[in-house]
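> can't give you the sequence, but here's the structure:
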């Protein structure tokens, strides 16, 4: 009985009905990963420990969680003890962490099985997965097209039905945008909702872990396990975690949704516009009310982000110096030579670009003009959100202005061209707010994503709205044929 | 952004750019700097920077040892080490 | 042409917490390399700092002791630079908002008191250790020290010569050890300083170009390094040349300072607020608790010694001058009644011994209960003060208790009249000539007889008993 394209809820039912055993399920998932290795969505497989754990879980009747025995894939920037963790970078090509990230540990403690580590943009810097040292990931819907990024491997693995869900991280849209391009559901929770311990940092004040899955319901199941305070992360939120499944079905006839005036949606691709309009109509049919809202500073999101994120990354990536772990260049003359050669050989161009920008933005004489200025604008943007959330429950935007594009066709001449793709997703990272992307149709057989942004810690409202949408539509059920990958 | 600035930044970041790419990268940097430079047009007088989206405070822990030392594993991960130390090319102070 | 020296000191005090500033690894000194290192101290990918409250309490205690302003909200910054013993490639420190602001400390020079103002004191993490001379071609990195909490105390440039600098460091040492903020062990680097030295013409208002001498870790070296640097700079200026602003290293072997190669390149530290740490806030309740549990300072101790132990103010002052001496004295005083004799020994024999060995009392073999025992044995006449001194020497080298030594070497004092009388009779018999001379009035021979008795008893005879009986025997 095939498990491909099954959701967590469906697999759970199969396990409960004993129509499949946990070890079989794990093996099946690993088999699918091999079958579609051309997708290149995995950097490492967990063929050793995965099946071992599966047999242990099969015997252990105690773990009753909804993900017990369920195979999952982890983005390759979550440290996993004993399992290679590369951030899709040459500099960590052979790095075996001595510990496991809190988010992954919580999922594994709940009985899920990690079957592998997924490909990504190097150090999560990119939105097309083309910066990976391990090569491009294909979009399951169209060979030769990008899956989005940076969590592109996770998105592709889920869209291809290899695993029901995967972990990702989102610094400027890295969960939502690939989810949109691959036609699945991706949730970026409130900053601090999930511990960052063991998550290799890109931009500390923006990074947030979250689930990519086939449905909003599955996202809720995973968030239930992943969320919570962690003493090891002083920036993790010390608030009790609600049961995100509880209000999923609540009617949304009271829901008030804001459309952001400044995004001038009428300038977008007409197809993207009409998908958006259809979804708006559906929500209205379900009783939601729409209002136009203004966030005067939101258009500054991209420049703000591209000054803050590189600055933080330039410092976060200093520890990759070839001394205690990671790539070290051969025959170097002295210490500085070792630093320069190891880092220059180890990092790809996009990572170098961002480190250099960040170094510049923080250097004497520019700090105020770039870094501090950006953090001031960041407050203005957050204030804008605080204001509109006094009147609306959610904000609705397209996840991305475009669908997936062909390899090597964007940002090669001008990197900013690609940065602008993040326009709709970036602002919620700057403000630390939760946001979700759900599939809402296709353009030329490539998926399109719809984004909902919620107020601080209101993942419940996001998941409720997304779930009700999926209860009343079937976009999330669409499946790629995968025939080009056999 | 002139060549000299690029050289200084590269040194601070301990990075070097291959000759054939340096032109391109320098151009990229200029474009990006121009992008973030556009923020200057926004009035931020008396606006406090928002360094973290969480305007909260850190929990403190007790001064009680809780070690997860894995000396062997730590040293194993290093490109050059002996049974006790990480090793780097000799530094002259 | 007469010159004027201006010195400012940056003192690095290792706080005596059990665990590190941002991790829960031990801070114990002298463990095998890279064992007091956990994931955080190793700077592994994905790790995050968490906050040790005790380090903040100690920093605040120092601030209160120097009457500084305490910032109850601490924000940390990253100081970015590459060095192998700096695992993350940045040091977490405090730039804009130091936990301690202002304050002052009194230093004693000759018989006068001078006040040196403190600019600020901030919390930061220490780096690891680089060992450059043990493996050829390599520098070896030990991260045991990485992450140890440091309080960096910056003085105003109000110190005018090496003597004052030493006095300042001694005052610092006394204060931080008294506050139990640091063990103050300079040999282990718990207390070290960077000296900013500049020279200007007498009367000039603005400062001359300064050099920074890094990492000086003994009172002796502070004095030598600064004096060398002053001479060097004056020589440069008198030759009409300019002092170069640079970081220098003191070489105690050659007794000279030289530029630090590793600091050649001008650095740009790119400070920015540490995004992995939310602001750390100390509540008013916590501030109150720190006040309520404030340790006793030297002046209070002196007063208490005069009152409780009936010691002279001079003795009290000496005993209270060093925390380790005072602690030792108080522990010993619990086990003896004869406080004045104990105090005499502390100030006399014991101090002399420590000075000779150039060690602190807590680094020696001596333990309070043994010293108390020694005092008691002298007090109850089991041994004479003279024997006491030789027992003390034995204790210093072996660490044995006085009773062990007394028994093993049979040093118990001889006070039995009968036995002593026998000995005296013998002496009188053997020296009839001297006895005759004595009886003729050569009274100073008395000492000779005492000497003879002591000789027979290897000094163990109780002098008073000997005198008493001799006097009787030599009458008529």
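Yep, it's here. Everything numeric in this text was worked out from a predicted model, so none of it was measured. Residues are numbered from 1 along each chain as shown, chains lettered A, B, ... in the order given.

> only C-alpha atoms for contact and neighbour calcs from this point on.
Fine.

> Assign a three-state SS to residue A:323, would you?
At residue A:323 the chain is in coil, as set by DSSP: H, G, I helix; E, B strand; the rest coil.

> nearest residue to it other than its sequence neighbours?
Spatially, and ignoring its direct neighbours in sequence, residue A:323 is nearest to residue B:78 (6.3 Å; CA to CA, 6 or more residues apart in numbering or on different chains).

> which residues touch the one you found?
Residues in contact with residue B:78, defined by CA atoms under 8 Å, 6 or more residues apart in numbering or on different chains, are A:322, A:323, A:324, A:325, A:326, B:86.

> Among these, which one sits closest to residue C:402?
Nearest to residue C:402 among the contacts of residue B:78 is residue B:86, at 48.0 Å by CA to CA.

> Test my guess that residue C:467 contacts residue C:450.
Yes. Checked against CA atoms under 8 Å, the pair residue C:467 and residue C:450 is within contact range at 7.1 Å.

> host element of residue C:185?
Secondary structure from DSSP states H and E places residue C:185 outside every helix and strand.

> ok, it - how many residues close by?
18 (other CA atoms under 10 Å in any protein chain shown).

> Give me the distance between it and residue C:170.
Relative to residue C:170, residue C:185 is positioned 12 Å away (CA to CA, to the nearest Å).

> tell me which of the contacts of residue B:78 is nearest to chain C?
Of all the contacts of residue B:78, residue B:86 has the smallest distance to chain C: 5.0 Å, by CA to the nearest CA.

> show me what contacts residue 82?
In the absence of a named chain, chain A is used. Neighbouring residues of residue A:82 by CA under 8 Å, 6+ apart: A:96, A:97, A:98, A:99.

> meant chain C, my bad for not saying
A:318, C:89, C:90.

> run the last query once more with 10 Å
Going by CA atoms under 10 Å, 6 or more residues apart in numbering or on different chains, residue C:82 touches A:318-319, A:321, A:335-336, A:339, B:12-14, C:88-91, C:267, C:269.

> before we move on, what about residue C:67?
Going by CA under 10 Å, 6+ apart, the list of residues near residue C:67 reads C:61, C:100, C:101, C:102, C:103, C:104, C:105, C:118.

> what's the answer for residue A:304, then?
The contact partners of residue A:304, taken as CA under 10 Å, 6+ apart, are A:298, A:370-371, A:373-378, A:381, A:426-427, A:430, B:35-39.

> For it, grab phi and psi.
Main-chain dihedrals, residue A:304, degrees, to the nearest 10: phi -60, psi -50.

> ok, now how distant is it from residue C:339?
72 Å.

> In terms of helix, strand or coil, where does residue 25 fall?
As the question left the chain open, I've gone with chain A. Of the three states, residue A:25 takes helix according to three-state DSSP.

> Correction: the question concerned chain B.
helix.

> re earlier: dump the contacts of residue C:67 into CSV; add distance to residue C:137 and secondary structure as well.
Listed next are those as CSV, based on distance: CA to CA, whole Å; DSSP: H, G, I helix; E, B strand; the rest coil:
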residue, distance to residue C:137, secondary structure
C:61, 45, helix
C:100, 42, strand
C:101, 44, strand
C:102, 45, coil
C:103, 46, coil
C:104, 46, strand
C:105, 45, strand
C:118, 42, strand
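
> Run a quick neighbour tally on residue A:456.
Around residue A:456 there are 21 residues (other CA under 10 Å).

> check contacts around the residue nearest to it when sequence neighbours are not counted.
Beyond its immediate neighbours in the sequence, the residue positioned closest to residue A:456 (CA to CA, 6+ apart) is residue A:433, lying 5.3 Å away. By CA under 10 Å, 6+ apart, residue A:433 lies in contact with A:188-192, A:382, A:385, A:427, A:453-459, B:53.
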